[in-house]
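> no letters, just coordinates:
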């Protein structure tokens, strides 16, 4: 195969500026961005939420949204001036010339269309193949991006797929019409380590055939694995650019150094593990849970939990690892009392927890709390931060919340937030601030157990580090125990005293974190750990 010609840029951007509003209300969000991308090259754009990464990328496909003002000294794709395109020309370009894989698969996929139709849509729009051949091509694309049972998944709707499967379906649609440039906006955020590695390998294969990739990610290990060059973005400006190896080994800008320092490494400090008590605060014994399989009565059942047993001691963090569909979330919902097991039992603080009505559980309900991946969906958008936290104190009304303002301010201070945020509503907060409010709400009733279900997977690396520090400080001061569910191996290693590894509804290995990560006994655990990516370039 002839190597792709990289002598001339395929995509060139000079002095890109994006703003919203007019006159005094005008807000500039992207300030003079320059970048170029050649065939067969991967350029990674990294930075925190709000830095302008996604907006910059969407400007390259004409999707900045209403009210946006986009200007550039040069915006060129393959010799075509993108500044002159109208709506019809943009539709012709998207998918075939420049493809886009968005981050939020649940929003990006039409909930009323089958997944196969979504994947096949770019083929129909750009006249690729025949109407008869496109359904099978959609199945083949799902198979390429490692979606299990692609024939079945193509017939299903988005809500019937896991988050990782939906993300892979978006990638399949993004590469369907073989674009020359693919913009991948956080393409691996929702994926398990092994699936994430497969997707990065797929993107690498596409790049090797000449496809140019603009990778937007807060996952620096993914960037190290795939990117030729990195551009670091902060507050709408690119502050540093360079070859991946050089930039990761010797970053020049303080902001770049801060991002690299935020990557979780190592195990939980010994002094934290030493504070774990002997009292068991949560015990699960022989939990079994099955669901009807998709496809009707004849399809049988799917076992989500298969005789799962575990215990959690006061002040301890037990990390639960596993891929999508392994049963992690079902386990969390069951110990919370949101699902009843088909067999087995849960004991909370030495008292029966499962198999009881909510009225019987009322006295203990505040002793176990939840922090989930997306707190925005669990907040009332009309409420202020003050009311959100006050609800957990049993004072949801405005006047009652005011009476508890001192306690609420104390809780916010515990998670590193200023009481000046009390009057803000959820959408006026950053992702990291929302997650800290969620932790403050969980701590309000003084629980002994918090179930954390992927609590930092959607956060930027620096914000992620801050939130993990909040959890650690809450444990140090309050002695709360954490059941920490995550597919992020590095985060689990940093946070956990012990680890439980799940596969197909069963716990296949449990042990001290250091022992499991350095000398796994189960082959499946070893397979998972092989997927931990190094923070160094792996391209030959």
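Ah, there it is. Being a predicted model, the structure only gives us computed values, none of them experimental. Residues are numbered from 1 along each chain as shown.
> all the strands of the stretch 301-450 of the chain, residue numbers only.
In the stretch 301-450 of the chain, the segments counted as strands under DSSP state E, counting those that start in this stretch are 301-313, 317-321, 343-348, 351-352, 368-372, 449-453.
> now the ones you listed as CSV including distance to residue 336?
For every residue, glycine as well, the C-beta is placed using N, CA and C. Shown next, in CSV, are these (distance: least, Cβ to Cβ, whole Å):
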stretch, distance to residue 336
strand 301-313, 13
strand 317-321, 13
strand 343-348, 9
strand 351-352, 15
strand 368-372, 6
strand 449-453, 6
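> those strands: which one's closest to residue 198?
Nearest of the strands of the stretch 301-450 of the chain to residue 198, taken as Cβ to Cβ: strand 317-321 at 17.8 Å.
> on that earlier part again, looking at the strands of the stretch 301-450 of the chain, spot the one closest to residue 154.
So among those, strand 301-313 is nearest, using Cβ to Cβ, at 18.9 Å.
> same for the closest one, what does it pack against?
When contacts are defined as 3 or more Cβ pairs under 8 Å, 6 or more residues apart in numbering; DSSP states H and E, strand 301-313 packs onto strand 280-292, helix 328-336, strand 343-348, strand 481-485, strand 506-512.
> quick one: which of those is nearest residue 311?
strand 280-292 (4.7 Å).
> flag every buried residue along the closest one.
281, 282, 283, 284, 285, 287, 288, 289, 290 (16 or more other Cβ atoms under 10 Å).
> swap in stretch 243-254?
Applying 16+ other Cβ under 10 Å to stretch 243-254 flags 244, 245, 247, 248, 251 as buried.
> wait, which of those residues is closest to residue 30?
residue 247 (21.1 Å).
> and the host helix or strand of that closest one, what's its mean pLDDT?
In this structure, residue 247 sits in helix 244-249 according to DSSP states H and E. Averaging pLDDT along helix 244-249 yields 94.
> moving along the chain from that helix, name the first helix or strand you hit.
Defined by DSSP H and E, the subsequent element after helix 244-249 is helix 254-261.
> sticking with residue 143, tell me its helix or strand.
Assigned by DSSP H and E, residue 143 belongs to helix 134-144.
> give the next helix or strand downstream of that helix.
helix 150-155.
> list the buried residues for the helix or strand just after that following helix?
Proceeding N to C from helix 150-155, the next assigned helix or strand is helix 163-175, under DSSP H and E. By neighbour count on 16+ other Cβ under 10 Å, the buried set for helix 163-175 is 163-175.
> for residue 327, give its distance to residue 376.
For residue 327, the distance to residue 376 equals 26 Å [Cβ to Cβ, to the nearest Å].
> same question, residue 307
For residue 307 relative to residue 376 (Cβ to Cβ), the value is 36 Å.
> now residue 250
38 Å.
> low pLDDT regions in the stretch 201-350 of the chain?
293-299 (pLDDT under 70).
> isn't residue 517 up against residue 529?
Yes - Residue 517 is within contact range of residue 529, at 6.4 Å (criterion: Cβ atoms under 8 Å).
> shared neighbours of the two, which are they?
residue 489 (Cβ atoms under 8 Å, 6 or more residues apart in numbering).
> what about the longest helix in the protein?
If each helix of the chain is counted by residues according to DSSP state H, the longest one is helix 461-478.
> list the buried ones in it?
461-468, 470-472, 474-475.
> okay, the helices and strands packed on strand 301-313 in TSV with distance to residue 491 next?
Listed next are the helices and strands packed on strand 301-313 as TSV, based on distance: least, Cβ to Cβ, whole Å:
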stretch	distance to residue 491
strand 280-292	21
helix 328-336	14
strand 343-348	25
strand 481-485	8
strand 506-512	17
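> what are the boundaries of the helices in the stretch 1-150 of the chain?
With DSSP state H, counting those that start in this stretch as the criterion, the stretch 1-150 of the chain has helices at 53-59, 87-93, 105-108, 115-125, 134-144, 150-155.
> who's in contact with the fourth one?
The one in question is helix 115-125. Here helix 115-125 makes contact (Cβ under 8 Å, 6+ apart) with 91, 95-96, 99, 109-110, 128-129, 131, 134-135, 137-139, 141-142, 153-158, 161, 169, 172-174, 176-177.
> what of the first one?
Residues outside helix 53-59 that contact it (Cβ under 8 Å, 6+ apart): 13, 16, 18, 29-30, 33, 45-47, 64-65, 68, 70, 75, 100, 103, 183, 185, 214, 216, 233.
> restricted to buried residues, select those in PyMOL.
Selection of buried members from the contacts of helix 53-59 for PyMOL, criterion 16+ other Cβ under 10 Å:
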select buried, resi 13+16+18+29+30+33+45+46+47+64+68+70+75+100+103+183+185+214+216+233
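> the helices and strands packed on strand 301-313: which one's closest to residue 266?
Across the helices and strands packed on strand 301-313, closest to residue 266 is strand 506-512 (Cβ to Cβ), at 14.3 Å.
> centre of the chain to whichever helix or strand comes after that closest one, how far?
Counting by DSSP H and E, the next helix or strand C-terminal to strand 506-512 is helix 513-518. The chain centre lies 24 Å from the centre of helix 513-518; the measure is Cα atoms, centre = their mean, to the nearest Å.
> circling back to that earlier point, list only buried entries from the contacts of helix 115-125.
95-96, 99, 109, 128-129, 134-135, 137-139, 141-142, 153-156, 158, 161, 169, 172-174, 176-177.
> what about residue 526, neighbour count?
Per other Cβ atoms under 10 Å, the neighbour tally for residue 526 reads 12.
> list just the nearest of the buried residues of helix 461-478 to residue 416.
Nearest to residue 416 among the buried residues of helix 461-478, counting by Cβ to Cβ, is residue 470 at 6.0 Å.
> OK, contacts around the residue lying closest to the closest one once chain neighbours are set aside?
Leaving aside its chain neighbours, residue 470 sits nearest to residue 415 (4.9 Å; criterion: Cβ to Cβ, 6 or more residues apart in numbering). Each residue near residue 415 by Cβ under 8 Å, 6+ apart is listed here: 436, 437, 439, 440, 443, 470, 474.
> now residue 509
Taking Cβ under 8 Å, 6+ apart as the test, what residue 509 contacts is 499, 500, 501, 516, 520, 521, 522, 524, 525.
> the second one contacts residue 513, doesn't it?
No - the criterion here is Cβ under 8 Å, and residue 500 misses it with residue 513 at 10.6 Å.
> shared neighbours, those two?
residue 319.
> beta-bridge partners for the closest residue to residue 309 other than its chain neighbours, please?
Once flanking residues are discounted, residue 309 sits nearest to residue 285: 5.1 Å by Cβ to Cβ, 6+ apart. As for beta bridges, residue 285 partners with residue 345 under DSSP bridges.
> over to the one 5 residues further on?
Applying DSSP bridges to residue 290 gives these bridge partners: residue 303.
> give me every residue that touches it.
Per Cβ under 8 Å, 6+ apart, neighbours of residue 290: 301, 302, 303, 304, 342.
> please apply the same query to residue 140.
residue 150.
> low-scoring stretches of the stretch 51-200 of the chain, by residue?
In the stretch 51-200 of the chain, residues with pLDDT under 70: 104-106, 190.
> ok, residue 327 and residue 376, which is more surrounded?
residue 327 (24 against 15).
> how many neighbours does residue 361 have?
Neighbour tally, residue 361, other Cβ under 10 Å: 17.
> nearest residue to it in space, please, no chain neighbours.
residue 337 (5.9 Å).
> how near is the one you found to residue 451?
Distance from residue 337 to residue 451, counting by Cβ to Cβ: 10 Å.
> could you do residue 220 as well?
Distance, residue 220 to residue 451, by Cβ to Cβ: 28 Å.
> residue 291 too?
Computed as Cβ to Cβ, the residue 291 to residue 451 distance reads 20 Å.
> one more: residue 131?
Distance from residue 131 to residue 451, by Cβ to Cβ: 48 Å.
> so which of the contacts of residue 290 is surrounded by the most neighbours?
Busiest of those [other Cβ under 10 Å] is residue 304, holding 25 neighbours.
> just checking, that one touches residue 330?
Yes - applying Cβ under 8 Å, one finds residue 304 in contact with residue 330, separated by 4.2 Å.
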